[in-house]
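1. Quick one: sequence plus predicted model below, questions after.
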2 protein chains.
Amino acid sequence: MAEPTVPPTFDVIAIGNAIIDVIANCNDALIEELGLSRGGMMLIDADQAKSLYEAMGPAREISGGSAANTLAGLAALGAKCAFIGQVADDQLGDVFTHDIRAGGIAFDVAARPGIPTARCLIFVTPDGQRTMNTFLGASQHLPAEALDESAIADAAVLYLEGYLWDPEEPRAAMRKAIEAARGAGRKIAFTPSECFVIDRHRADFLDLIETGKIDVLFCNEHEMAALVGHDDFEKGVAQLAPQIPVLVVTRGAEGAVAISGDQRAEVGAEPIERVVDTTGAGDLFAAGFLFGHVRGKSLEECLQYGAICACEIISHYGARPEADLKALISERVG
Amino acid sequence: MAEPTVPPTFDVIAIGNAIIDVIANCNDALIEELGLSRGGMMLIDADQAKSLYEAMGPAREISGGSAANTLAGLAALGAKCAFIGQVADDQLGDVFTHDIRAGGIAFDVAARPGIPTARCLIFVTPDGQRTMNTFLGASQHLPAEALDESAIADAAVLYLEGYLWDPEEPRAAMRKAIEAARGAGRKIAFTPSECFVIDRHRADFLDLIETGKIDVLFCNEHEMAALVGHDDFEKGVAQLAPQIPVLVVTRGAEGAVAISGDQRAEVGAEPIERVVDTTGAGDLFAAGFLFGHVRGKSLEECLQYGAICACEIISHYGARPEADLKALISERVG
């Protein structure tokens, strides 16, 4: 790994799906009736997108995409960020582009004609749980040529989402990005995104971990279990932690754990009056944690930042922050 | 006025703008900087829409349109409704169409190619006040031929929004609809929508009132002042009420008044913890009131229904109901 020679322009550059979330309330019976995997993320084709949309109640459209949500949180906290993802030259692509740029995030990948911008149809049950159905559309056609390698070399952290490991073109782009970041001596943060994604790409992800390509790994306890092949939490942590400089494992309402070398910190979940929509909880946890990380905060502070951002995002619909995250953190942590 | 011969299929049919609201928070300084009319609605062209969107923060997209919002509330309460409005054959048109149909509202006007679906750029200041900037797009090209006169004859109430009186084609369509409704012995409810709209069309609106075309008139106190030409509330009520079977005047946080013949009822605003976004307050007040009206409730109950629906809509972003309005009304009124 090369040593960085100049201070980076960006705190975090991320590669991720460029998605508009379409979010509607539904009752539990509809999830069963439609045969959806409650709490999960399913990839759907254009026909499925059409029929699921027809089954959906009135909705709201809010920019989404896992890594893009994380950047929105980071930028709201004051980090300098850039995003790489693919939208189409259509109205939803315009919306995604507007929202990410309006959040102060650099985004310069040219929109492509043809296949429409990605949409995620999100059914939110009365308990706030979200069930996601993603039509990847243009997002899966991010070409390796869309990478701005100089921007990647110019960011302290490259952040990658596992969701984008599924389609072939972005996977190749992410492998190229990892080399660019490593070549410039930058850190790489990664989330495997979801258990089903891990099932499809476990060997790849374990290889990234074992070959020292990942500096910060975010996963929830189920994803950690899928990675290590069993659900003994402490044993899983003990297996993974020695291979990763910073391991962060979230445990839903039970908070989160971070391990770095011989340091270990834990945090409980922030108290919340009512969980409205859990979409983006993990993404915003990562945002808060990474913000602390790039600002050189302690493991415990990083976890606190993560918990505060996650709590904000589940208090309303959508995975982009509504409240002033900076103010929330200075109120709670100082 | 002909007597209706058969019970209507629809409780309410409405003609209105078919708009997607683009809603973003902003600080008070931005409203001034952009030279916007705080709390008002301004019509903008494509170039203004582009530059205002660029000045806007990250946003959320939610179906809107004044009369369409009122129908969404009515349908949520259990009324049978139909909508007439013009969308384009584009992604935002698909979103509008989905949302209105998913709310159980009949909507069959064919999407038109070319000019894009209407958007309203809404800036919400920290006090919850909304400042609206509407690009009418396809919406202003609703042709009179799009009217389903048999559906209009088949609805107990025809509801019209003044906003749509501005563009020529929909104005002609609304005049035709008034004749169709009257010919079938149906009632007509009307809102002048906004003071600036009244300034542009006062003579037309007063003519509709004086010639007995309006059975239920919804306005706020400022609109009433604009209609009668002075701001003496009681004097205004005394002038208008004798010309209209049911006059409903809302007064923001001070509640609302309804007058019908020698009956007069008043209601206070519902208590609310925090006003998030006032977009749709008047629309949902009309929804609650009209629901009571078509169900034969007392003036006072109609006002209560209106106040409950208005309170729900200002507690969150967007002008389409999120909570179960039926349940809210049975909790509060029984």
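-> Right, received. Where do you want to start?
2. Could you see whether chain B lies near whatever helix or strand residue A:53 lives in?
-> If you go by DSSP states H and E, residue A:53 is part of helix A:46-55. Yes: shown here: helix A:46-55 in contact with chain B (Cβ under 8 Å from any Cβ of the partner chain) through A:53-54. (Glycine included, C-beta is placed from N, CA and C.)
3. Would you indicate which residues of that helix are buried?
-> Judged by neighbour count using 16 or more other Cβ atoms under 10 Å in any protein chain shown, the buried positions of helix A:46-55 are A:49, A:52-53.
4. which of the residues you listed lies closest to residue B:19?
-> residue A:53 (19.8 Å; Cβ to Cβ).
5. give me every residue that touches that closest one.
-> A:22, A:121, B:98 (Cβ atoms under 8 Å, 6 or more residues apart in numbering or on different chains).
6. what does residue A:31 give?
-> For residue A:31, the contact set (Cβ under 8 Å, 6+ apart) comprises A:38, A:123, A:125, A:131.
7. hmm, back to that, nearest to residue A:108 among the buried residues of helix A:46-55?
-> Distances from residue A:108 to the buried residues of helix A:46-55, taken by Cβ to Cβ, are shortest for residue A:49, at 27.6 Å.
8. how close does the closest one sit to residue A:87?
-> Relative to residue A:87, residue A:49 is positioned 16 Å away (criterion: Cβ to Cβ, to the nearest Å).
9. just to revisit the earlier point, in strands, which of the contacts of residue A:53 fall?
-> Among these, DSSP state E puts A:22, A:121 in strands.
10. In PyMOL, how would I select the buried members of the contacts of residue A:53?
-> To isolate the buried subset of the contacts of residue A:53 in PyMOL, counting by 16+ other Cβ under 10 Å, use the following:
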select buried, (chain A and resi 22+121) or (chain B and resi 98)
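11. picking that back up, considering the contacts of residue A:31, which is situated nearest to residue B:168?
-> Proximity of the contacts of residue A:31 to residue B:168 was ranked by Cβ to Cβ; the top entry is residue A:123 with 42.1 Å.
12. distance of the closest one from residue B:218?
-> Separation of residue A:123 from residue B:218 (Cβ to Cβ): 35 Å.
13. Look at these two and report which has more neighbours.
-> Legend: neighbour count by other Cβ atoms under 10 Å in any protein chain shown for residue A:123 and residue B:218, higher for residue B:218 (29 against 26).
14. Contacts made by the host helix or strand of the more buried one with the rest, please.
-> Residue B:218 belongs to strand B:216-220 when elements are defined using DSSP H and E. Residues outside strand B:216-220 that contact it (Cβ under 8 Å, 6+ apart) are B:157, B:187-192, B:209, B:227, B:240, B:244-252, B:282, B:285-286, B:289-290, B:293.
15. That one pairs with which strands, parallel or anti?
-> The pairing partners recorded for strand B:216-220 under DSSP bridges are strand B:187-191 (parallel), strand B:246-250 (parallel).
16. Tell me the buried residues in that strand?
-> Neighbour counts over strand B:216-220 (16+ other Cβ under 10 Å) mark B:216-220 as buried.
17. So residue A:281 sits against residue A:309, correct?
-> No: between residue A:281 and residue A:309 there is no contact under Cβ atoms under 8 Å: 9.1 Å.
18. related to what we said a few turns ago, in TSV, list the contacts of residue A:53 along with distance to residue A:270 and pLDDT.
-> As requested, these are exported to TSV (distance: Cβ to Cβ, whole Å; pLDDT from 0 to 100):
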residue	distance to residue A:270	pLDDT
A:22	27	98
A:121	28	98
B:98	35	98
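19. what number of residues lie near residue A:225?
-> Neighbours of residue A:225 under the rule other Cβ under 10 Å: 18.
20. Repeat that for the one 4 residues further on.
-> Taking other Cβ under 10 Å as the criterion, the count of residues near residue A:229 is 10.
21. what about residue A:136, neighbour count?
-> Counted with other Cβ under 10 Å, the neighbours of residue A:136 add up to 25.
22. Show me the beta-bridge partners of the residue nearest to it when sequence neighbours are not counted.
-> Spatial nearest neighbour of residue A:136, excluding adjacent residues (Cβ to Cβ, 6 or more residues apart in numbering or on different chains): residue A:118 at 5.1 Å. Beta-bridge pairing for residue A:118 (DSSP bridges): residue A:19.
23. tell me the contacts of residue A:118?
-> Applying Cβ under 8 Å, 6+ apart to residue A:118 gives the contacts A:17-20, A:65, A:87, A:134-140.
24. make it 6 Å
-> Neighbouring residues of residue A:118 by Cβ atoms under 6 Å, 6 or more residues apart in numbering or on different chains: A:17, A:19, A:136-137, A:139.
25. Residue A:250 now?
-> For residue A:250, the contact set (Cβ under 6 Å, 6+ apart) comprises A:220, A:256, A:285.
26. How much space separates it from residue A:32?
-> With Cβ to Cβ as the criterion, residue A:250 and residue A:32 are 27 Å apart.
27. So which residues on the stretch 101-250 of chain A come close to chain B?
-> Contact residues (Cβ under 6 Å from any Cβ of the partner chain) of the stretch 101-250 of chain A with chain B: A:102-103.
28. Measure how buried residue A:252 is and give me the count.
-> Neighbour count of residue A:252, defined by other Cβ under 10 Å: 14.
29. typo on my end, it should be residue A:271
-> Residue A:271 is flanked by 6 other residues according to other Cβ under 10 Å.
30. Please tell me the pLDDT value assigned to the closest residue to it other than its chain neighbours.
-> Distance criterion Cβ to Cβ, 6+ apart; nearest residue to residue A:271, sequence neighbours excluded, is residue A:311 at 7.8 Å. As predicted, residue A:311 sits at a pLDDT of 97.
31. and residue A:311, helix, strand or coil?
-> Secondary structure, DSSP: H, G, I helix; E, B strand; the rest coil: residue A:311 is helix.
32. I'd say it and residue A:270 touch.
-> Yes: using Cβ atoms under 6 Å, residue A:311 is in contact with residue A:270, at 3.6 Å.
33. returning to what we had before: just the closest of the buried residues of helix A:46-55 to residue A:232, please.
-> Taking Cβ to Cβ as the measure, residue A:232 lies nearest residue A:52 of these, at 36.5 Å.
34. And the closest one, how close does it get to chain B?
-> Noted for residue A:52: a distance of 11 Å to chain B, by Cβ to the nearest Cβ, to the nearest Å.
35. Is it correct that that residue is in contact with residue A:119?
-> No: using Cβ under 6 Å, residue A:52 is not in contact with residue A:119; the gap is 10.0 Å.
36. re earlier: and the contacts of residue A:118, which two are the farthest apart?
-> Spatial extent of these (Cβ to Cβ) is set by the pair A:17 and A:137 at 9.5 Å.
37. how about the strands in chain A?
-> Taking DSSP E to define them, one finds strands in chain A at A:10-15, A:19-25, A:41-43, A:60-63, A:81-84, A:106-107, A:118-124, A:130-135, A:155-161, A:187-191, A:216-220, A:246-250, A:256-260, A:263-267.
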